[in-house]
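Undergrad: got a sequence here, can you model it:
(chains A and B)
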Amino acid sequence: MNLLDCVDLRKHFPVGGGSWLASAGGRRRAMLHAVDDVTFSIGKGESVGLVGESGCGKSTLVRLITRMLDLTAGDIVFDGRNIGYIPARLFPQSPFRPKIQMVFQDPTDSLNPRHTAFDTIAEPLKRLARVTEREELARRVMDAADKVGLPPELLPRYPHQLSGGQKARVGIARAVSMSPALLVLDEPTAALDVSVQATILKLLADLKSRLGMSYLFVSHDLNVVRMLCDRVIVMYLGRIVEQGPTETLFRSPAHPYTQALVKSIPVICGHPDEREVLAGEPQSPINPDPKVCRFFGRCPRQRDRCRTEEPGLREIRPGHEAACHFA
Amino acid sequence: MNFRRSRTASRIRHDATKPLLSVEDLSLEFRTRSGTVRALENVSLEVGKGETVGIVGESGSGKSVLAYAILRILDPAARITSGSVSFGGLDVLAASEATLQEVRGREAAMIFQSARTALNPIRRVGAQIEDVLIAHTTTLQAELRKKAVECLAQVRIPDPERRSDAYPFELSGGQCQRVMIALALACNPQLLIADEPTTGLDVTTQAAIMDLVRELARERQMATIFITHDLALASEYCDRIVVMHAGHVVEVAPTRELFSRPCHPYTARLIASTPTREGSIASLSTIPGNLPDLRRADLPKCRFHARCERATEECVRDAAPAVTLGGGHSAYCFHPLGVS
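TA: From the prediction side, this is the model:
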């Protein structure tokens, strides 16, 4: 059984003015399709990478899965139970809340500047695990700090007294203190220097094998995704355009968008002249035409058919799916 | 907008025998309440006409401080304690503020990290370009708009006529960065300083922006200083790379040479810690420790000392000697790699 199954997940946001009167009057309200019919699963102990450009719906998808946002439609089956029905407002009280934890992008912005490292790590233990005893709390905080290699003498420090790498460790310790089944990492190394990034990546790989967590790893650094993830999901304008095992996807990307993405990764002493740059801007995510491929207008491979029929995800080899007529 | 329109001739003369920009032995410190931060120490750098030079290093290594110091854009707490900056024959450190005002933006322009915050949020992008033209060129009032639209077209903004009426928030991150490049290049500068121009952009947008900068630089024979912490990106676009660590230049080399034969232990570590297309996590190297506190009075002479596995006593005591490998490759280290 999979740890997480997302089925036809959809999130539309209303945009612009337009009162209820306007919509009652029969005019179609402008809707931003942030996530559209997204179906995927994460196995137990599996790490899945989620990539795509800004505005493609990665963050919305993450907020749906972590239940910070209510769905428009679809199911989120976590550990055999549909948690999609729990309103985001009530989710913190749900028994599933401790099982899904998140590591945020910028370790500086995501820590409370007035909390010491100890307070930060203790917070979820107090709120979600209801640890009230002082010694028990201290023991579990030390335990979490130890898991991420944070020296105990740093625990009384405030974020401004810690280095970038140490802050990143505090953020990870906070998330693993509850021994979650699913850890959602939103660009955990984007704000770090390469030297620190390497240590944090090693830590994450090590934690995964030791604690048996599943990862949903959101990033736009494809090299990092390739190193850490078993499987990769590529999103474009609210839809999954390709998913498959990491090695296959990077070796033979099937969707033209993935191909452009893989080609754009800078390589040491590479030749930028040899790659074709993706031209243009994505279409508007507001009320997209259901008959047109979302990548139409930027795609080097587009034909007339792409304008009359939107391609769905189809399997091109076992475990590898792409949404393109010509994949 | 009340900018003084300067009609004086260019302050920059090009002397073919000398590099366009040369920074020599520059030292800079910040006097703060908690002590003096020695942010740059004896930094030297040369950039020739039409050349692209990358400055790489971790955050806090002094890359940006150096770039700003080149145009003498300094924090009130900053003091330049030694050295010189010569830009096309102009002594930047001795020049009057009025002269520098003319040089900045016209002869040397900068593009910044987050374009959206660097642009004026409540002014249309076309008008922002017009401001630059008014301040630095003699463009006629009637032609300002046409010229601004041309600038936008040059950076390949689709439908520039219409987009010139847009506010920054109406444009995507990549578009904002293009506007910023248009602003910087509006006066045909001889030197462009790009401070992490693609941080926060997607890889596909990053590739497009970098290609654009390179192409425009080639077209105009413009020198470019490209500041980044992404070694792979620097390797693709720079002719030469300067590696900085804690306010020191530790190694300078032509790009290919630097990656095939890194000489300073820090450079080698930095390269080995960059994720690649083939490597695995296990093969990633890490750099132990952090940058030293630059306020310390007893800073070792080699600031990489505490993080280096090759360090010895003399690294603390004496300034590291320059190791010259020919072909413009040099490093500052007592125990360089690959040199017997």
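Undergrad: what residue ranges in chain A score low on pLDDT?
TA: Applying pLDDT under 70 to chain A flags the ranges A:16-28, A:274, A:276.
Undergrad: which parts of it are helices?
TA: A:20-24, A:58-65, A:117-127, A:134-147, A:164-176, A:194-211, A:222-228, A:246-251, A:256-264, A:305-308 (DSSP state H).
Undergrad: pretty sure residue B:108 is touching residue B:191, no?
TA: Yes - counting by Cβ atoms under 8 Å, residue B:191 is a contact partner of residue B:108 at 4.2 Å. To be clear about C-beta, it is placed using only N, CA and C from the backbone, and glycine gets the same treatment.
Undergrad: look at residue B:338 and say how many residues are nearby.
TA: When neighbours are counted by other Cβ atoms under 10 Å in any protein chain shown, residue B:338 registers 9.
Undergrad: so who does it touch?
TA: B:261, B:262, B:263 (Cβ atoms under 8 Å, 6 or more residues apart in numbering or on different chains).
Undergrad: neighbour count: residue B:108 and residue B:191, which is higher?
TA: residue B:108 (27 against 23).
Undergrad: tell me the pLDDT of that one.
TA: In this model, residue B:108 is scored at 93, pLDDT.
Undergrad: find the nearest non-adjacent residue to whatever residue of the stretch 1-150 of chain A ends up closest to chain B, please.
TA: When scored by Cβ to the nearest Cβ, the stretch 1-150 of chain A has residue A:53 as its residue closest to chain B, at 3.9 Å. Spatial nearest neighbour of residue A:53, excluding adjacent residues (Cβ to Cβ, 6 or more residues apart in numbering or on different chains): residue B:202 at 3.9 Å.
Undergrad: that neighbour - how many residues pack around it?
TA: Residue B:202 has 22 neighbouring residues, counting by other Cβ under 10 Å.
Undergrad: list the contacts of it.
TA: Residue B:202 touches A:53, A:54, A:220, B:174, counting by Cβ under 8 Å, 6+ apart.
Undergrad: can you put the residues you listed in a markdown table and add neighbour count?
TA: Converted to a markdown table, the contacts of residue B:202 look like this (neighbours: other Cβ atoms under 10 Å in any protein chain shown):
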| residue | neighbour count |
| --- | --- |
| A:53 | 22 |
| A:54 | 14 |
| A:220 | 24 |
| B:174 | 22 |
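Undergrad: state the distance from residue A:288 to chain B.
TA: Computed with Cβ to the nearest Cβ, to the nearest Å, the distance linking residue A:288 and chain B is 17 Å.
Undergrad: out of the contacts of residue B:338, who's nearest chain A?
TA: residue B:262 (11.1 Å).
Undergrad: how about the closest one, secondary structure?
TA: coil (DSSP: H, G, I helix; E, B strand; the rest coil).
Undergrad: before we move on, the earlier item: from the contacts of residue B:202, which two are the most distant?
TA: Pairwise distances across the contacts of residue B:202 (Cβ to Cβ) peak at 12.9 Å, for the pair A:220 and B:174.
Undergrad: what are the buried residues along stretch A:301-310?
TA: A:302, A:306, A:310 (16 or more other Cβ atoms under 10 Å in any protein chain shown).
Undergrad: tell me, please, the helix or strand in chain B that averages the lowest pLDDT.
TA: helix B:115-118 (a mean of 86; mean pLDDT, DSSP states H and E).
Undergrad: contacts for it, please.
TA: Around helix B:115-118, the neighbours that count as contacts under Cβ under 8 Å, 6+ apart are B:111, B:112, B:168, B:169, B:173, B:176, B:177, B:179, B:180.
Undergrad: now flag whichever of those is closest to chain A.
TA: residue B:173 (6.5 Å).
Undergrad: which residues touch the closest one?
TA: Taking Cβ under 8 Å, 6+ apart, one finds A:54, B:115, B:116, B:200, B:201, B:205 in contact with residue B:173.
Undergrad: phi first, then psi, for it.
TA: phi -60, psi -40 (degrees, to the nearest 10).
Undergrad: try the one 4 residues further on
TA: Summarising the backbone geometry of residue B:177 under the convention degrees, to the nearest 10, its torsions are phi -60, psi -40.
Undergrad: next, count neighbours for it.
TA: Residues near residue B:177, counting by other Cβ under 10 Å: 31.
Undergrad: skipping adjacent residues, who's closest to it in space?
TA: Spatial nearest neighbour of residue B:177, chain neighbours left out: residue B:115 (4.2 Å); criterion: Cβ to Cβ, 6+ apart.
Undergrad: count the neighbours of that neighbour for me.
TA: Neighbours of residue B:115 (other Cβ under 10 Å): 25.
Undergrad: quick one: it from chain A, how far?
TA: Taken as Cβ to the nearest Cβ, the span from residue B:115 to chain A is 13 Å.
Undergrad: tell me the one of the contacts of residue B:202 nearest residue B:38?
TA: Of the contacts of residue B:202, the one sitting nearest to residue B:38 (Cβ to Cβ) turns out to be residue A:220, at 35.8 Å.
Undergrad: skipping adjacent residues, who's closest to residue A:128 in space?
TA: Computed as Cβ to Cβ, 6+ apart, the closest residue to residue A:128 that is not its neighbour in sequence is residue A:98, at 4.5 Å.
Undergrad: what's the burial count for that neighbour?
TA: 18.
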